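Student: 3D model of this:
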Amino acid sequence: MTTMPRTVVGVDGSPASEQALQWALDYARAVGGSVHAITAWEYPAFYGWGGAGAPDGFNPEDLAGRTLAESVAKVAGDAPGVPVNQSVMPGNAAGALLQAAHGAALLVVGSRGLGGFSGVLLGSVSRHLTEHAPCPIVVVREGQVAVPGE
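Tutor: Below you'll find the predicted structure:
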């Protein structure tokens with residue numbers, strides 16, 4: 001019995017992550033595989049710092065889930081032609097993606113996410129993943145893949 005190759009992709013709502021998702025979908029379609037889109041969430045560093053609490057109704061897990069769902073809907077559309085699973089995981093992005101990538105055929109991330117410094121070739125997450133991924137990894141450079149609707 002053969003299993004579908006599973007491609008894990010990190011999605012944070014940034015243009016680079018949506019381009020990585022498009023690349024992962026195209027790859028999975030070509031090899032008859034599936035895509036597992038992952039986003040991670042953490043409480044912001046300032047949460048609880050100096051007695052300051054989060055604003056009423058602020059829920060980073062819900063926000064991350066909405067961001068993931070919106071990116072998948074934008075890039076994959078209603079009928080992606082590829083099975084797409086979505087997971088919202090607690091913790092930092094690198095740790096969540098490394099955990100999800102165990103047993104995967106491929107890990108795909110964008111070169112630049114929502115944080116960091118402009119002009120840096122690899123973001124801190126993609127750099128960490130290239131050093132520690134348990135499977136082959138593709139880092140999609142921003143601007144290299146067209147996303148529908150852009």
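Student: What is the least confident helix or strand in the chain by mean pLDDT packed up against?
Tutor: For the chain, counting by mean pLDDT, DSSP states H and E, helix 124-132 ranks last in confidence among helices and strands (a mean of 88). In terms of contacts (3 or more C-beta pairs under 8 Å, 6 or more residues apart in numbering; DSSP states H and E), helix 124-132 is packed against helix 93-101, strand 106-110, strand 137-140. Every C-beta, even on glycine, is put in place using the N, C-alpha and C of the backbone.
Student: mind listing the strands for this structure?
Tutor: Defined through DSSP state E, the strands belonging to the chain, from first to last, are 6-10, 34-41, 84-90, 106-110, 137-140.
Student: I'd like to know which of those is closest to residue 68.
Tutor: The stretch from those with the least distance to residue 68 (C-beta to C-beta) is strand 34-41; that distance is 4.2 Å.
Student: Indicate each strand paired with that closest one and its parallel or antiparallel sense.
Tutor: Sheet pairing of strand 34-41 (DSSP bridges) gives strand 6-10 (parallel), strand 84-90 (parallel).
Student: Let me have the strands of the chain in CSV, adding distance to residue 22 and mean pLDDT as columns.
Tutor: As requested, the strands of the chain are exported to CSV (distance: least, C-beta to C-beta, whole Å; pLDDT from 0 to 100):
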stretch, distance to residue 22, mean pLDDT
strand 6-10, 9, 97
strand 34-41, 10, 95
strand 84-90, 12, 95
strand 106-110, 10, 95
strand 137-140, 8, 94
